[in-house]
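J.: The amino acid sequence is not available; the structure is as follows:
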């Protein structure tokens with residue numbers, strides 16, 4: 001039997017902890033170190049970078065990290081696999097070779113390409129989400145460093161695992177297990193206590209980055225290097241499994257993983273075993289991420305202090321509307337939002353203040369520029385008492401829009417450019433299986449009726465939320481069977497809408513995952529045109545789960561007295 005493969009993660013996004021690459025190489029043994037640099041927003045950022053310099057379009061931070069860590073990786077025999085190539089993986093591969101030559105580190109560099117698609121008129125980037133086949137081919141050819149463009153986040157794990165274990169494309173269960181492990185690792189320290197609902201139970205001031213011990217059958221153990229901060233337990237792994245996912249079928253270019261088959265077991269301190277994962281043939285299409293500039297936006301935040309907050313808000317809105325009318329330049333979209341952060345009889349000025357946020361958008365930069373900033377500034381001495389803003393109004397900035405399209409998998413040429421420069425075409429993963437909804441699983445028997453106490457939902461449930469384009473997902477889980485019996489019947493779509501009124505009028509789909517004691521809600525359209533458009537106060541829906549946990553619901557008293565609540 002082939003030995004397990006230890007795969008670590010050192011980046012969950014472009015801008016993550018800089019020294020994580022060095023720390024992961026020095027804090028314990030690894031076979032492969034991965035880095036995820038490409039969020040949907042990142043592709044737009046790199047697209048704008050490439051407009052300024054066609055030789056760029058990749059994550060330059062990755063190169064700076066290698067300057068201090070490439071030698072360490074070579075000495076320890078650790079392969080490095082990262083999607084930092086962005087829109088220019090060939091350019092990044094050349095830059096890594098130049099770095100290796102300059103530092104005298106004899107590494108073999110390969111890259112994966114083929115994700116770049118014809119860019120439709122009006123768009124800036126178009127990239128298909130590739131699987132791990134190209135990465136596997138590069139590693140089989142002896143690469144020490146593999147850089148890619150747009151691959152799925154989980155491909156950074158499925159590729160090395162397939163190369164190590166010799167999995168064929170039809171090894172669906174094994175590949176699905178690696179996809180699940182890859183999804184847990186992809187966001188770095190979110191799997192080790194970062195952004196965790198029950199953060200007060202652990203010391204998460206500086207969580208270590210996660211790693212997975214992948215076994216030949218696709219099962220894995222999620223852990224971290226000994227002596228590093230944070231925690232790995234059933235809760236942290238469950239939270240990450242629910243992050244930016246949806247229903248029971250989790251599709252990808254390598255395999256469709258069945259999240260309803262995932263089994264989690266605490267495998268000792270700081271270790272969670274993942275097994276039982278079943279896989280199905282992947283869907284016949286690949287997702288293509290499209291980014292375009294959507295227009296121009298500007299923002300002004302007015303501070304309203306003390307008494308008569310609502311009246312002050314009405315005054316400044318009326319004055320601003322009049323100023324725009326006089327200027328003859330009203331933006332296409334004008335949005336106001338009053339955040340009542342103020343308290344009565346407050347002991348500090350800041351806690352006596354509310355924030356009135358104005359956001360304007362328009363295809364024309366002039367419409368959101370001087371007309372808006374000038375109107376705000378000119379109110380300074382003639383508006384509500386105590387007038388001030390959080391920052392001087394600017395001239396506006398462009399915003400982006402992310403859209404998803406789909407193309408037949410066979411139309412995308414997936415190519416591994418090997419260390420010797422030869423090119424290997426990676427065959428499509430077919431045969432395929434069309435995606436279909438899984439039948440709703442049976443719910444557990446409800447708890448017997450008994451006394452309740454109205455408390456925040458978060459006293460008994462954890463949550464994690466995130467974004468996928470314009471949609472938001474909110475995963476909610478509990479830590480005991482009795483709590484699951486209650487949650488599965490209490491938190492219906494209707495109840496979810498009552499607790500989160502901002503979702504009113506939107507399509508909300510609930511997915512039930514009994515093995516995880518979890519519900520996953522997908523809220524379609526909550527984020528408008530996506531994170532780059534910044535349509536909401538929380539444009540990536542990062543805190544929607546915490547908002548839900550803060551809402552008061554009647555909870556059975558027996559759950560509030562349970563040990564996991566009082567831990």
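T.: That came in fine, so what should we check first? Small disclaimer: the values here were computed from a predicted structure and weren't measured.

J.: hey, let's count contacts and neighbours off CA atoms from now on
T.: Will do.

J.: Now do the longest strand along the chain: which elements does it pack against?
T.: Looking across the chain with DSSP state E, the single longest strand is strand 285-305. Helices and strands touching strand 285-305, by 3 or more CA pairs under 8 Å, 6 or more residues apart in numbering; DSSP states H and E, are helix 40-52, strand 125-128, strand 353-362, helix 365-368, helix 370-378, strand 388-389, strand 397-408.

J.: Out of these, which gets nearest to residue 457?
T.: strand 353-362 (26.2 Å; CA to CA).

J.: ok, how many other residues are close to residue 494?
T.: Neighbourhood size, residue 494 [other CA atoms under 10 Å]: 11.

J.: residues in contact with the helix or strand harbouring it?
T.: Assessed by DSSP states H and E, residue 494 sits inside helix 493-499. The contact list for helix 493-499, computed with CA atoms under 8 Å, 6 or more residues apart in numbering, reads 503, 504, 508, 509, 510, 548, 551.

J.: Mind checking the pLDDT average for stretch 536-552?
T.: Regarding stretch 536-552, the rounded mean pLDDT is 94.

J.: In the helix holding residue 494, which of the residues would be classed as buried?
T.: 496, 497, 499 (16 or more other CA atoms under 10 Å).

J.: Name the residues of the helix or strand that comes right after the longest strand of the chain that are buried.
T.: Going down the chain from strand 285-305, the next helix or strand is helix 309-327, by DSSP H and E. Buried residues in helix 309-327, counted by 16+ other CA under 10 Å: 309, 312, 313, 316, 319, 320, 323, 324.

J.: Can you tell me which of those is nearest residue 449?
T.: Once CA to CA is applied, the member of the buried residues of helix 309-327 that ends up nearest residue 449 is residue 309, at 43.8 Å.

J.: Hmm, that closest one is touching residue 354, no?
T.: Yes - at 7.3 Å, residue 309 counts as touching residue 354 under the criterion of CA atoms under 8 Å.

J.: how many neighbours does residue 56 have?
T.: 21.

J.: check contacts around it.
T.: So residue 56 contacts 46, 49, 50, 88, 91 (CA under 8 Å, 6+ apart).

J.: Now do the phi/psi pair for it.
T.: The phi and psi values for residue 56, taken as degrees, to the nearest 10, are phi -90, psi -140.

J.: Next: residue 392.
T.: Dihedral angles (degrees, to the nearest 10) for residue 392: phi -60, psi 130.

J.: ok, now residue 523?
T.: Here residue 523 shows phi and psi, under degrees, to the nearest 10, equal to phi -110, psi 110.

J.: What sits closest to residue 143 if chain neighbours are left out?
T.: Leaving aside its chain neighbours, residue 143 sits nearest to residue 108 (5.0 Å; criterion: CA to CA, 6 or more residues apart in numbering).

J.: now the buried residues of helix 493-499 in TSV, with pLDDT and distance to residue 558?
T.: Below are the buried residues of helix 493-499 laid out as TSV (pLDDT from 0 to 100; distance: CA to CA, whole Å):
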residue	pLDDT	distance to residue 558
496	98	23
497	97	26
499	97	22
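
J.: Top of the contacts of residue 56 by number of neighbours, please.
T.: residue 88 leads the contacts of residue 56 on contacts (other CA under 10 Å) with 25 neighbours.
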